[in-house]
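S.K.: structure for the following, please:
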Amino acid sequence: MAENRMKRFKNKGRGDETELRRRRTEEAVELRKNKRNDALAKRRQVSEEVAFHGDSLVDLQVRQVLESLAPNFNCSSSPKQLQAVYTVRRLLSASNVTAAYEEVIRMGFLPVLVRMLERFDQPVLQYEAAWCLTNIASGTSEQAAAIVSNGALPVLVGLISADEQLSLQALWTIGNVAGDSPALRDMVIESGIVPSLVQCVNGTIPLRHLRLVSWVLSNLCRYNNPSPSLEIVEQLLPILLVLLEHKDVEVCKDVCWALSFLTDGGSEDPLVQAVINCGIVQKLVTALGSAAVQVLVPALRAVGNLASGSPEQTQLVIDAGALPYFQQLLQRSEERVKKEACWALSNITAGTPEQIRAVTDASLLPLLILVFHTGEFLTKRESAWAITNFAIAGMPSQLHYFVSSNGVPLICDLLKFKDNQIVKVALNAMMALLQAAGHLMETLARLFEEGEACDLLEELQRHENFLISNMAADIVARFFSGDQESGVAGLVPQADSTQFQFGVQAGVESSELNFTLS
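M.R.: Prediction:
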């Protein structure tokens, strides 16, 4: 899977494909962790009541409690049965008890709970049973699957059109099941959930209800191994298009997560093209102007996914007006917003010359450099990719701007980075800058000397990573060899038996390397 993801990053003929437009395996793992943290697949409903007269449920013998309830749980007496279900619900809702889920299943309570969902003559019993199922569905995959195997899904889908409280509980349970795995998600879809969700959105429903609907929608879009079918996604996109314009942060957040999931498959994924075809890109870009971090993170993820696609897909993001939003995004105080913004921009700076020119025109390079100097490690790492992609473009027309934006000292800083991938792209950037230098060669020489690049290249030639050591030696040989035709005058390495040594050539004053950048 990681190999396929890395192939998404298009190569413009400048450097290694998996580095220039990369989705590195370790980053993919980290983003998945972020998705679990920021876009919860499952939600428990915890009772606000004091359970069992204030006793700590962690100290209770769960099995004994459930066994004592079994006779009334299965009896025909409505008051006794309701009290038993109520007690089970309290037990399952206690935030410090999880063993109860398995015990409820082991003791055969699930089929009874599913049958209670159809007791329309007992609405309180229905509600308590649905609440029990909601929390069981928030447990392990096996526990969520047990709910499905006991025939709960069709009944729950039917309850979406019931009264508000029961409908909310049914949606909550369905959302937990769908968020568990691709297999259970598909079972939820096969149960006929989509038309019911369409009806909810098209009707007039309370905000709390709409929030749950948007969360269920995000779980129906979750996972890409396999992804939901194109047919289903095309039914969901019109709903997402409507909800993306909603003013509520929670609704908008979950819609943006849904779009981030759907755009996660690469430029050739038909789901990505379906998202583009439905006309949602412009509205998704507009979400980058939200003040809410909960919206910005998934919106940036989705925009970055689109920007990582084909040149045409990257251009769609630019044409939708995304770049001006990054002026503010890169200056936000929240570290994860800046990290996501840098990641998204790294996919644009790996683009065509015209797309890189658009980044220049938006004055984003100085901000990326500022983020590198002030951000935390992971943010630095993402900004480094965006900046080095810009440099690796190697276009003479952009070189002056890169130098005047203090990009060269940053490349020198990256040569010290404790990350081999970053060191490699920094060396690629240094090579590209020197190749494109032309009349700026002496200026680059001075700036690299001031940034201790010569000493760093000397050290990197002894690096344990063979590719890094070779790249460093290649730069030395091509540009610091003392050959006036190809090398940099004044930075002539003295060779010994193992590596190159650097010094300023006699007769060359540092002032001779200075000229005004205008």
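
S.K.: what about residue 108, neighbour count?
M.R.: Neighbourhood size, residue 108 [other CB atoms under 10 Å]: 12. In this view, the C-beta of every residue, glycine as well, is placed from N, C-alpha and C.

S.K.: let me redo that: residue 154
M.R.: 13.

S.K.: quick check: mean pLDDT of the strand or helix carrying it?
M.R.: Residue 154 is located in helix 152-159, with elements delineated by DSSP states H and E. Mean per-residue pLDDT for helix 152-159: 97.

S.K.: for the helix or strand following that helix, packing partners?
M.R.: Sequence order places helix 164-178 as the next helix or strand after helix 152-159, per DSSP H and E. Packing partners of helix 164-178 (3 or more CB pairs under 8 Å, 6 or more residues apart in numbering; DSSP states H and E): helix 123-137, helix 141-149, helix 152-159, helix 182-190, helix 207-221.

S.K.: any chance of TSV for the ones you listed, columns distance to residue 363?
M.R.: Putting these into TSV (distance: least, CB to CB, whole Å) gives the following:
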stretch	distance to residue 363
helix 123-137	49
helix 141-149	49
helix 152-159	51
helix 182-190	43
helix 207-221	34
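
S.K.: and of those, who's closest to residue 92?
M.R.: For these, the distance to residue 92 is smallest for helix 123-137, at 4.4 Å, taking CB to CB.

S.K.: ends of stretch 328-342, how far apart?
M.R.: Terminal residues of stretch 328-342 are spaced 12 Å apart (CA to CA, to the nearest Å).

S.K.: the helix holding residue 154 packs against which elements?
M.R.: Checked by 3+ CB pairs under 8 Å, 6+ apart, helix 152-159 has helix 109-116, helix 123-137, helix 164-178 packed alongside it.

S.K.: just the strands in the stretch 401-518 of the chain please.
M.R.: Using DSSP state E, counting those that start in this stretch, the strands found in the stretch 401-518 of the chain span residues 491-495, 500-504.

S.K.: per-stretch mean pLDDT over those, give me the minimum one.
M.R.: Among the strands of the stretch 401-518 of the chain, strand 500-504 carries the lowest mean pLDDT (a mean of 35).

S.K.: out of the helices and strands packed on helix 164-178, which one sits most buried?
M.R.: Ranked by mean neighbour count under mean count of other CB atoms under 10 Å, those are led by helix 123-137, which reaches a mean of 25.

S.K.: that older thread, and the helices and strands packed on helix 164-178: which comes nearest residue 443?
M.R.: Judged by CB to CB, the one of the helices and strands packed on helix 164-178 that comes nearest to residue 443 is helix 207-221, at 50.2 Å.

S.K.: thinking again about what came up before, just want the angle from the helix holding residue 154 to helix 109-116.
M.R.: Angle, helix 152-159 to helix 109-116, by axes from the mean of the first three to the mean of the last three CA atoms, to 10 degrees: 30 degrees.

S.K.: tabulate the CA atom coordinates of helix 152-159 in CSV.
M.R.: Provided in CSV are the C-alpha atoms of helix 152-159 (Å, rounded to 0.1, in the frame of the first residue of the first chain):
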residue,chain,number,x,y,z
ALA,A,152,-29.3,-5.0,13.6
LEU,A,153,-28.4,-2.9,10.5
PRO,A,154,-31.7,-3.1,8.6
VAL,A,155,-33.7,-2.3,11.7
LEU,A,156,-31.4,0.6,12.6
VAL,A,157,-31.7,2.1,9.1
GLY,A,158,-35.5,1.9,9.5
LEU,A,159,-35.2,3.8,12.7
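
S.K.: grab the nearest non-local neighbour of residue 391.
M.R.: Of all residues not flanking residue 391 in the chain, residue 429 sits nearest, at 3.7 Å (CB to CB, 6 or more residues apart in numbering).

S.K.: so which of the helices and strands packed on helix 164-178 is nearest residue 299?
M.R.: helix 207-221 (13.0 Å).

S.K.: quick one: mean pLDDT for the closest one?
M.R.: Mean pLDDT, helix 207-221: 96.

S.K.: report all helices and strands that it contacts.
M.R.: Packing contacts for helix 207-221, counted by 3+ CB pairs under 8 Å, 6+ apart, involve helix 164-178, helix 182-190, helix 193-202, helix 230-243, helix 249-262.

S.K.: could you tell me the least trusted of these?
M.R.: Among the helices and strands packed on helix 207-221, helix 193-202 scores lowest, at a mean of 92.

S.K.: for residue 224, give me its contacts.
M.R.: Each residue near residue 224 by CB atoms under 8 Å, 6 or more residues apart in numbering is listed here: 261, 264, 265.

S.K.: in a markdown table, list the residues you listed along with neighbour count and distance to residue 129.
M.R.: Below are those laid out as a markdown table (neighbours: other CB atoms under 10 Å; distance: CB to CB, whole Å):
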| residue | neighbour count | distance to residue 129 |
| --- | --- | --- |
| 261 | 25 | 31 |
| 264 | 25 | 36 |
| 265 | 20 | 38 |
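
S.K.: need the residues that contact the helix holding residue 154.
M.R.: 110, 113-114, 117-118, 126, 130, 133, 147, 166-167, 169-170, 173-174, 177, 187-188, 191-193, 196.

S.K.: quickly find the element holding the closest residue to residue 87 other than its chain neighbours.
M.R.: Once flanking residues are discounted, residue 87 sits nearest to residue 69: 5.8 Å by CB to CB, 6+ apart. Following DSSP H and E, one finds residue 69 within helix 62-73.

S.K.: return the alpha-carbon coordinates of the helix or strand just after that helix using CSV.
M.R.: Remark: after helix 62-73, the chain's next helix or strand is helix 78-93, criterion DSSP H and E. Extracted in CSV, the C-alpha atoms of helix 78-93 (Å, rounded to 0.1, in the frame of the first residue of the first chain):
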residue,chain,number,x,y,z
SER,A,78,-42.3,-4.8,30.6
PRO,A,79,-41.3,-3.0,33.8
LYS,A,80,-38.8,-5.6,34.9
GLN,A,81,-37.3,-5.9,31.4
LEU,A,82,-37.0,-2.1,31.0
GLN,A,83,-35.3,-1.9,34.4
ALA,A,84,-32.9,-4.7,33.4
VAL,A,85,-32.0,-3.0,30.0
TYR,A,86,-31.7,0.4,31.8
THR,A,87,-29.2,-1.2,34.2
VAL,A,88,-27.2,-2.8,31.3
ARG,A,89,-27.1,0.5,29.5
ARG,A,90,-25.7,2.2,32.6
LEU,A,91,-23.1,-0.5,32.9
LEU,A,92,-22.1,-0.2,29.2
SER,A,93,-22.1,3.6,29.4
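
S.K.: tell me the angle helix 78-93 makes with helix 123-137.
M.R.: Going by the same axes, to 10 degrees, helix 78-93 makes 30 degrees with helix 123-137.

S.K.: check the offset of stretch 274-292 from the chain's centre.
M.R.: Stretch 274-292 sits 16 Å away from the centroid of its parent chain (CA atoms, centre = their mean, to the nearest Å).

S.K.: nearest residue to residue 276 in space, please, no chain neighbours.
M.R.: residue 316 is the one closest to residue 276 (CB to CB, 6+ apart), at 6.4 Å.

S.K.: again with residue 375
M.R.: Distance criterion CB to CB, 6+ apart; nearest residue to residue 375, sequence neighbours excluded, is residue 338 at 6.0 Å.

S.K.: run through who's touching stretch 400-409.
M.R.: So stretch 400-409 is in contact with 360, 365-366, 369, 387, 390-391, 433, 440, 443-444, 447-448, 450-451, 517, going by CB under 8 Å, 6+ apart.

S.K.: buried subset of those?
M.R.: With burial judged by 16 or more other CB atoms under 10 Å, the buried subset of those is 360, 365, 369, 387, 390-391, 433, 440, 443-444, 447-448, 451.

S.K.: just these: which are in helices?
M.R.: 360, 365, 369, 387, 390, 391, 433, 443, 444, 447, 448 (DSSP state H).

S.K.: mind checking how far residue 213 is from residue 148?
M.R.: For residue 213, the distance to residue 148 (CB to CB, to the nearest Å) stands at 20 Å.

S.K.: over to residue 257?
M.R.: 23 Å.

S.K.: again, but for residue 70
M.R.: With CB to CB as the criterion, residue 70 and residue 148 are 23 Å apart.
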